[in-house]
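Undergrad: got a sequence here, can you model it:
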Amino acid sequence: MDEKAKISSQEPQDVVSNTEHKKERKSLSYEEKLEELDRKMEQLKARKRDLAARHSKEERKKRTKRLIEVGATVESVLGHPIEHEDLKNLENFLRSQDERGNYFTNAMAGK
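TA: Okay, here's the model as predicted:
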C-alpha cells in the first residue's frame, strides 16, 4: 500500500496524531532522544533475555524427554525397573563395553 492510500484509509484524527507524534519526536532534545533510545534498548534486552529463557526451557524439556525415553528403553530390555543402586553398575557395564572395543558407541552410531 502506498503512502497516499495509507493516509486516506486512516481516520482524520489518526493522521493528526501521527503528524503531531512526528513533530514531537523532532522537537525532542538530545537528552530526551538518548533516554528514548536507552528505554528501547532496555526493552530489546528484556526481549532477548525472555527469548533465551524460552529457548533454554525448550531445550531442558527435550533433554528430559530424551532421558525418560532412554531409561524406559533400558527398563524394557531388562524387564524390570532400574533402581538407583543399579545405576553405577549400568554405567560401569557401558564403559567396559566401550573400553573393550567401542561396542556401545558403535551400536549407538548404527555401526
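Undergrad: going forward, measure contacts and count neighbours with C-alpha atoms only.
TA: Will do.
Undergrad: send me the helix or strand harbouring F104 as PDB with only the CA atoms.
TA: Under the criterion of DSSP states H and E, F104 resides in helix 103-108. The C-alpha trace of helix 103-108 is given here as PDB (Å, rounded to 0.1, in the frame of the first residue of the first chain):
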ATOM      1  CA  TYR A 103      30.700 -51.700  21.300                       C
ATOM      2  CA  PHE A 104      28.300 -49.300  22.900                       C
ATOM      3  CA  THR A 105      29.500 -46.300  20.900                       C
ATOM      4  CA  ASN A 106      29.400 -48.200  17.700                       C
ATOM      5  CA  ALA A 107      26.000 -49.600  18.400                       C
ATOM      6  CA  MET A 108      24.600 -46.100  19.100                       C
END
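Undergrad: so for that helix, mean pLDDT?
TA: Averaging pLDDT along helix 103-108 gives 84.
Undergrad: now do stretch 35-46
TA: The average of the pLDDT scores along stretch 35-46 is 97.
Undergrad: quick thing: my sequence starts at 20, can you match it?
TA: OK, 20 is where the count begins now, so the last one is stretch 54-65.
Undergrad: distance between that stretch and the chain's centre?
TA: 21 Å (Cα atoms, centre = their mean, to the nearest Å).
Undergrad: can you give me the distance of S95 to L86?
TA: 14 Å (Cα to Cα, to the nearest Å).
Undergrad: got it, and D69?
TA: Applying Cα to Cα, the value for D69 to L86 is 26 Å.
Undergrad: now the helices for the chain?
TA: 22-28, 31-46, 49-97, 105-120, 122-127 (DSSP state H).
Undergrad: let me have the ones you listed in JSON lines, extended by mean neighbour count.
TA: Below are the helices of the chain laid out as JSON lines (neighbours: other Cα atoms under 10 Å):
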{"stretch": "helix 22-28", "mean neighbour count": "10"}
{"stretch": "helix 31-46", "mean neighbour count": "12"}
{"stretch": "helix 49-97", "mean neighbour count": "12"}
{"stretch": "helix 105-120", "mean neighbour count": "12"}
{"stretch": "helix 122-127", "mean neighbour count": "13"}
